[in-house]
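# Sequence plus predicted model, see below.
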Amino acid sequence: MSLDRHYHFLGIGGVGMSALAEWMHRNGYRVSGSDAQSSETLDRLRRMGLVVRVGHDPAMIARADTVVFTSALSKTHSIWNTVASFGLHRLHRAELLGALAGQGRLIAVTGTHGKTTTSACLGHVLAECGWDPTVLVGGGVIQWEQRNLRVGQSPWWVAEADESDGSFLSLSPEAVLLTNIGADHLDHYKTEANLESAFEAFVQRLPSGGTLVYCRDDPGATRVSRRFPGRRVGYGMQETADVRVKVDQMGPGNMALVFSAGDEQWRARTSVTGHHNALNFAGVFALGRALGIGAAQILDAISGFRGVARRQQFVGCAQGYRIYDDYAHHPTEIRATLQMFQEIYPGPITVVFQPHLYSRTDRLAGDFAEALAPADRVFVCEIFGAREEPVPGVSGALIVDRMRGHPRTRFLPDWRELPDALEPVEGKRGGILLIMGAGDVTGLGPLLTGSADAGP
């Protein structure tokens with residue numbers, strides 16, 4: 001990496017791309033970027049002094065030496081002809097992260113689910129314990145003014161290792177926290193066996209003195225751990241885990257946890273609730289102890305962690321509903337989130353779900369239907385395609401078709417129509433309105449509450 005080179009980010013508005021671009025800018029690199037659409041992220045980067053434009057202007061790209069990209073940018077996009085014509089060097093985001101973090105000491109958080117909350121909490125814990133890490137995560141951390149980047153001055157880095165396209169194999173961590181391995185991203189991996197093999201290959205990138213912390217409750221993570229010859233620490237709710245966690249009590253905004261290892265036991269409280277988050281915190285606790293931090297320090301920091309935006313985030317009240325926004329876009333995540341709300345909140349739960357990716361919806365429509373079934377009422381919107389082109393015959397209606405036995409399910413192609421579709425359930429309004437999905441459905445909360453970020 002050279003301070004003399006000019007790096008242009010294609011798709012700089014993406015959560016991971018914007019964090020890297022900001023870090024480079026703050027550290028003296030020449031950075032510019034472009035994106036297909038305007039966003040608050042682009043506005044924020046402009047306020048920092050970066051040259052950022054909507055639309056991939058060839059004249060702007062021509063001034064760069066290297067273009068940074070992710071797999072979200074289609075290989076057939078016309079911009080690649082421009083890049084080729086200028087003879088520019090191409091660098092995948094994961095390669096860039098690997099090069100930058102490789103100058104320090106990287107702790108990578110990986111797994112199908114839970115990466116963002118776990119890496120954010122781990123970064124928060126290390127910061128509170130005086131390690132002053134640089135942290136890059138896939139969502140806005142509430143304590144960092146909803147930023148997804150913390151710039152530290154120590155050699156330590158904490159970052160999510162994204163398995164979706166195999167690019168995490170560009171990273172060389174010295175510690176890995178593996179949350180779980182579930183069937184996802186099979187458009188890239190084709191089979192679950194290939195996906196698990198990729199996680200195994202990633203773990204094998206640890207040095208001989210490296211540490212693997214893994215979820216003992218997860219079969220895939222446990223299998224991968226057994227093939228790792230180095231130091232292993234398993235966490236979970238099972239008695240076989242090296243570090244165990246138990247949810248002692250849970251209510252709105254309050255969860256009491258009991259951690260144990262051997263004959264030792266510790267207690268902590270957190271405002272971030274849910275059994276899945278209890279596991280995330282157990283992973284952070286286990287890794288913190290493996291790094292030599294005292295248990296009391298770690299748990300005091302975990303107790304102060306306030307979570308990540310779009311993870312069971314309360315956005316306001318409207319039409320008698322308490323409205324929450326959540327990033328869940330896989331059946332496993334939906335089940336965990338619904339379970340938490342059912343345990344904590346009385347009254348009906350209405351879910352508005354926007355599927356993410358045509359390939360995922362086609363493959364998992366039945367699983368989505370099963371995961372959504374516990375809700376009292378379900379609206380399924382049209383698919384947010386992201387990097388994928390539409391597939392004939394594949395739409396959100398596939399999920400609704402598989403929920404025919406559910407008394408209150410409806411296909412609502414455009415989530416912006418929801419305010420007119422919210423009829424009372426059994427003559428009653430109110431309860432929980434839970435917005436789920438990784439796409440633009442996040443704009444529904446502001447639309448309902450009348451705030452300014454409802455999007456187009």
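The structure has been received and is ready for your questions. Residues are numbered from 1 along each chain as shown.
# Just give me the residue closest to the centre of this protein.
Centroid-nearest residue in the chain, with C-alpha atoms, centre = their mean: T116, separated by 4.2 Å.
# For whichever strand or helix holds that residue, name the packing helices and strands.
Following DSSP states H and E, the helix or strand that holds T116 is helix 115-128. Helix 115-128 is packed against strand 105-110, strand 134-141, strand 156-160, strand 175-178, helix 275-290, helix 295-304, with contacts defined by 3 or more C-beta pairs under 8 Å, 6 or more residues apart in numbering; DSSP states H and E. Heads up, the C-betas are built off the backbone N, CA and C, glycines and all.
# Between these, which one is closest to F353.
Closest to F353 of these is helix 275-290 (C-beta to C-beta; 17.6 Å).
# So for the closest one, could I get the coordinates as CSV, restricted to C-alpha?
The C-alpha trace of helix 275-290 is given here as CSV (Å, rounded to 0.1, in the frame of the first residue of the first chain):
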residue,chain,number,x,y,z
HIS,A,275,-30.5,-15.8,23.3
HIS,A,276,-28.6,-15.3,20.1
ASN,A,277,-27.0,-12.2,21.6
ALA,A,278,-26.2,-14.1,24.8
LEU,A,279,-24.1,-16.5,22.5
ASN,A,280,-22.5,-13.5,20.8
PHE,A,281,-21.4,-12.1,24.1
ALA,A,282,-20.2,-15.5,25.3
GLY,A,283,-17.9,-15.5,22.2
VAL,A,284,-16.6,-12.0,23.1
PHE,A,285,-16.1,-13.1,26.7
ALA,A,286,-14.2,-16.2,25.7
LEU,A,287,-11.9,-14.4,23.2
GLY,A,288,-11.3,-11.6,25.7
ARG,A,289,-10.1,-14.1,28.3
ALA,A,290,-8.0,-15.9,25.7
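# angle of that helix against strand 156-160?
Going by axes from the mean of the first three to the mean of the last three C-alpha atoms, to 10 degrees, helix 275-290 is angled at 160 degrees with respect to strand 156-160.
# quick one: average pLDDT of helix 275-290?
Across helix 275-290, the average pLDDT comes to 96.
# Quick check: buried residues in that helix?
In terms of neighbour count (16 or more other C-beta atoms under 10 Å), helix 275-290 has its buried residues at 275-290.
# what's the farthest-apart pair in those residues?
Maximum pairwise distance in those, criterion C-beta to C-beta, is 22.8 Å, between H275 and A290.
# on that earlier part again, tell me the angle the helix holding T116 makes with strand 134-141.
Calculated by the same axes, to 10 degrees, helix 115-128 forms an angle of 120 degrees with strand 134-141.
# D43 and V54: what is the separation?
Going from D43 to V54 by C-beta to C-beta, to the nearest Å gives 11 Å.
# Likewise for V400?
35 Å.
# of those two, who's got more company?
Of the pair V400 and V54, V400 is the one with more neighbours under other C-beta atoms under 10 Å, namely 21 against 13.
# picking up where we left off before, need the mean per-residue confidence for the helix holding T116.
Across helix 115-128, the average pLDDT comes to 96.
# Hmm, the residue nearest to the centre of the chain is touching L136, no?
No. Checked against C-beta atoms under 8 Å, the pair T116 and L136 is beyond contact range at 10.5 Å.
# and the helices and strands packed on helix 115-128 as CSV, adding distance to H6?
Shown next, in CSV, are the helices and strands packed on helix 115-128 (distance: least, C-beta to C-beta, whole Å):
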stretch, distance to H6
strand 105-110, 25
strand 134-141, 21
strand 156-160, 24
strand 175-178, 33
helix 275-290, 37
helix 295-304, 39
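# closest to R26 out of those?
Taking C-beta to C-beta, strand 134-141 is the member of those nearest to R26, at 10.0 Å.
# what's around the nearest residue to F168 once chain neighbours are set aside, how many residues?
Residue nearest to F168 in three dimensions, not counting chain neighbours: A161, with 4.0 Å by C-beta to C-beta, 6 or more residues apart in numbering. Counted by other C-beta under 10 Å, the residues lying close to A161 total 27.
# Check G138 too.
Residues near G138, counting by other C-beta under 10 Å, number 21.
# need the contact list for it.
G138 sits next to 15-16, 115-116, 119, 148, 160, 162 when contact means C-beta atoms under 8 Å, 6 or more residues apart in numbering.
# can you tell me which residues contact T134?
Taking C-beta under 8 Å, 6+ apart, we find T134 in contact with 23, 101, 104, 149-152, 154, 156-158.
# repeat for T332
Applying C-beta under 8 Å, 6+ apart, we find T332 in contact with 112-113, 180, 182, 371.
# Mind telling me what element it is part of?
According to DSSP H and E, T332 maps onto helix 331-344.
# same deal with R47?
Going by DSSP H and E, R47 is in helix 40-48.
# what pLDDT, on average, does that helix get?
Averaged across helix 40-48, the pLDDT comes to 91.
# Could I get the buried residue list for that helix?
Across helix 40-48, burial judged by 16+ other C-beta under 10 Å covers 41-42, 45.
# between that helix and strand 134-141, how many degrees?
Between helix 40-48 and strand 134-141, the angle comes out at 130 degrees (the same axes, to 10 degrees).
# which residues touch the helix or strand following helix 40-48?
Downstream of helix 40-48, the first helix or strand assigned by DSSP H and E is strand 51-54. The contact list for strand 51-54, computed with C-beta under 8 Å, 6+ apart, reads 12, 32-38, 42, 45-46, 60.
# give me that answer again for 10 Å
By C-beta atoms under 10 Å, 6 or more residues apart in numbering, the residues outside strand 51-54 that reach it are 8-9, 12-13, 18, 21, 30-39, 41-46, 60, 63.
# residues in contact with the helix or strand following it?
Next helix or strand after strand 51-54 toward the C-terminus (DSSP H and E): helix 58-61. Identification of contacts with helix 58-61 by C-beta under 10 Å, 6+ apart yields 8, 10, 32-34, 51-53, 67, 78-79, 81-83, 85-86, 88.
# Please repeat the previous calculation with a cut-off of 8 Å.
Contacts with helix 58-61, where a contact means C-beta under 8 Å, 6+ apart, come from 8, 10, 32, 34, 51, 53, 67, 79, 82-83, 86, 88.
# Stretch 228-239 too?
203-204, 206, 208-218, 222, 225, 240-246, 275, 278-279, 282-283, 285-287, 289-290.
# Then stretch 353-363?
With C-beta under 8 Å, 6+ apart as the test, stretch 353-363 has contacts from 184, 186-187, 329-330, 334, 368, 372, 378-391, 394-396, 398-399, 415, 436-441.
# Quick check: end-to-end length of it?
End-to-end span of stretch 353-363 (C-alpha to C-alpha, to the nearest Å): 17 Å.
# tell me which residues in the worst-scoring helix or strand of the chain on mean pLDDT are buried?
Of the helices and strands making up the chain, the lowest-confidence element is helix 186-189, at a mean of 77, by mean pLDDT, DSSP states H and E. By neighbour count on 16+ other C-beta under 10 Å, the buried set for helix 186-189 is 187, 189.
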